[in-house]
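> any chance you can model this:
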Amino acid sequence: MKSSYILPVLVLSSLLLSGCVYTTDTQTTPTVSPSEQQQPTVQDKVNDKDTILSLDNRGLTSVPSDIFDNTAIEVLDLSHNDLTGSLPAEIRHLSRLKTLDMSYNSMTGIPAEIGQLTELETLNLSHNQFTGLPYELGNLTHLRTLDISGNNYSTEDLAIIEKQLPSSVTIIQ
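Model (predicted):
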């Protein structure tokens, strides 16, 4: 049974449509009810080459799993969300990834598989709840910047990782 609500609007002073995409396709019924929160997908790409995926400030509580199907992604921004737990090990599938920004979340774990992202140049893990760092971060031979500020990580872990990384890497603590 279809239910419709009619609310009287006397004066519309402003209408905010930020984050919306305008299309000319007409749908007669919504695909998602207003009470459901629709999670962004890889369809939220921001450039024609499908290499940049910006999902910052989306209120995400988990990383959408279909992200890991798009192996062309070079920049992935998951910053300023409500992510908790660990980054999924499937991150290893993004072999072309050059920039990963997971800053300003509440994440607690980084999988060892992150060390398989050999093209990674910038890794921003700042302002999370990481207490340990996987030694596999030392495998990131193209890394230029590692930001781990705002975490309570083990300095012993960092010392081991630092020995493996190129001396040119800037580590922001």
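
> quick check: closest non-adjacent residue to residue 82.
Among residues not flanking residue 82 along the chain, residue 61 sits closest, at 5.0 Å (Cβ to Cβ, 6 or more residues apart in numbering). Where C-beta positions appear, they are placed from N, C-alpha and C, glycine not excepted.

> residue contacts, residue 105?
Contact analysis of residue 105 by Cβ atoms under 8 Å, 6 or more residues apart in numbering lists 78-84, 127-128.

> averaged pLDDT, the host helix or strand of residue 76. What do you get?
Per DSSP states H and E: residue 76 is located in strand 75-77. Averaging pLDDT along strand 75-77 yields 98.

> who does it touch, helix- and strand-wise?
With contacts taken as 3 or more Cβ pairs under 8 Å, 6 or more residues apart in numbering; DSSP states H and E, strand 75-77 sits against strand 52-54, strand 99-101.

> give me the contact list for it.
Against strand 75-77 from outside (Cβ under 8 Å, 6+ apart): 51-56, 67, 94, 97-101.

> one more pass at 10 Å, please.
Contact with strand 75-77 is made by 46-47, 51-57, 63, 67-68, 70, 91, 94, 96-103, 122, 124, as judged by Cβ atoms under 10 Å, 6 or more residues apart in numbering.

> buried subset of those residues?
Among the contacts of strand 75-77, the ones that count as buried by 16 or more other Cβ atoms under 10 Å are 51-55, 63, 67-68, 70, 91, 94, 96-103, 122, 124.

> if we can go back for a sec, mind putting the helices and strands packed on strand 75-77 into CSV with distance to residue 113 and mean pLDDT?
Converted to CSV, these look like this (distance: least, Cβ to Cβ, whole Å; pLDDT from 0 to 100):
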stretch, distance to residue 113, mean pLDDT
strand 52-54, 18, 97
strand 99-101, 12, 98
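
> now find how far off-centre the strand holding residue 76 is within its chain.
In terms of Cα atoms, centre = their mean, to the nearest Å, the centre of strand 75-77 is set 6 Å apart from its chain centre.

> equivalent analysis for stretch 75-82, please.
A distance of 3 Å separates the centroid of the chain from that of stretch 75-82, by Cα atoms, centre = their mean.
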